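In: need a 3D model of the sequence below.
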Amino acid sequence: MSKRAVFLDRDGTIVDDPGFLHEPEKVKLLPGAAEAIRRLNDTGYHVIVVSNQSGIARGLYTVRDYDMVQERLGALLTAHGARIDAAYFCPHHPQFPGPGGASCECRKPGLKLFQEAQAAFDIDFSRSWWIGDRLSDVQPALLVGGNAILVATGEGNLHQGQARALGVMVVADLGEAVQHLLTNSTP
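Out: Residues are numbered from 1 along each chain as shown. From the prediction side, this is the model:
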């Protein structure tokens, strides 16, 4: 049987978003985020982070900087008994083509990274959830028949109207999103 996953955005959803986060010492969990992720871990969901990281293409930081931020995030979550099962990121600039001059397929709301996770973890998209603070974080759910929740943390307040117009639920934060999905999911 295919498994369930929760696809989380990182910046503005799990951690504070100072803009182009690339310094591990600036990684700060949003209130309740670690507990929410631990609840997902405890109920058998794969927790997968998918993040757009255009700062790499812009030359603002390196892939190693991204990796160091991910390591710090992992350490902070571990201290709270939580974990991320996998993390995927798009390093391309939103206004320029991807590798080989082709359009980038991995930048959210593109599906490439989600499909890679689906193959790696045998995920059933129809039983999975997308949670983030931007429309591009949750639009993939609408494309594949998944469930979407926009959080009002980070950039979420700027996208609430558009999200609601698309039928996407809007909640205060990751903790409230996880409470909703656990209450409204089937095993």
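
In: ok, the residue lying closest to Leu21 once chain neighbours are set aside to Val49 distance?
Out: Using Cβ to Cβ, 6 or more residues apart in numbering and skipping residues adjacent in sequence, the residue nearest Leu21 is Asp11, 5.5 Å away. (Each C-beta comes from the backbone N, C-alpha and C, glycine too.) Asp11 is 10 Å from Val49, where distance means Cβ to Cβ, to the nearest Å.

In: circling back to that earlier point, who's in contact with the residue nearest to Leu21?
Out: Taking Cβ atoms under 8 Å, 6 or more residues apart in numbering, we find Asp11 in contact with 17, 21, 51, 154.

In: go again using 10 Å as the cut-off
Out: Asp11 makes contact with 17-21, 27, 49, 51-53, 69, 132-134, 154-155, according to Cβ atoms under 10 Å, 6 or more residues apart in numbering.

In: equivalent analysis for Ile48, please.
Out: 5-8, 84-88, 113-114, 116-118, 120-121, 123, 128.

In: residues near Ala120, how many?
Out: 13 (other Cβ atoms under 10 Å).

In: for it, pull up the helix or strand it's in.
Out: helix 112-121 (DSSP states H and E).

In: next SSE after that helix?
Out: Immediately after helix 112-121, counting by DSSP H and E, sits strand 129-132.

In: in its sheet, what does that next one sit against?
Out: strand 5-8 (parallel), strand 147-151 (parallel) (DSSP bridges).

In: need the ones you listed in JSON lines with mean pLDDT and mean neighbour count, can you?
Out: Shown next, in JSON lines, are the strands paired with strand 129-132 (pLDDT from 0 to 100; neighbours: other Cβ atoms under 10 Å):
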{"stretch": "strand 5-8", "mean pLDDT": "98", "mean neighbour count": "27"}
{"stretch": "strand 147-151", "mean pLDDT": "97", "mean neighbour count": "26"}
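
In: so which of those strands comes closest to Arg58?
Out: strand 5-8 (23.2 Å; Cβ to Cβ).

In: distance from the following helix or strand past that closest one to the middle of the chain?
Out: Next helix or strand after strand 5-8 toward the C-terminus (DSSP H and E): helix 33-42. Here helix 33-42 is found 14 Å from its chain centre; the criterion is Cα atoms, centre = their mean, to the nearest Å.

In: pLDDT below threshold where in the chain?
Out: 1, 96-103, 187 (pLDDT under 70).

In: again, only this time at 90
Out: 1-2, 57-58, 92-105, 156-157, 185-187 (pLDDT under 90).

In: quick check: longest helix of it.
Out: helix 63-78 (DSSP state H).

In: what packs against that one?
Out: Secondary-structure packing of helix 63-78 (3 or more Cβ pairs under 10 Å, 6 or more residues apart in numbering; DSSP states H and E): helix 33-42, strand 46-52, helix 54-57, strand 86-90.

In: these into TSV, with extra columns for distance to Leu76?
Out: Formatted as TSV, the helices and strands packed on helix 63-78 follow (distance: least, Cβ to Cβ, whole Å):
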stretch	distance to Leu76
helix 33-42	7
strand 46-52	13
helix 54-57	20
strand 86-90	14
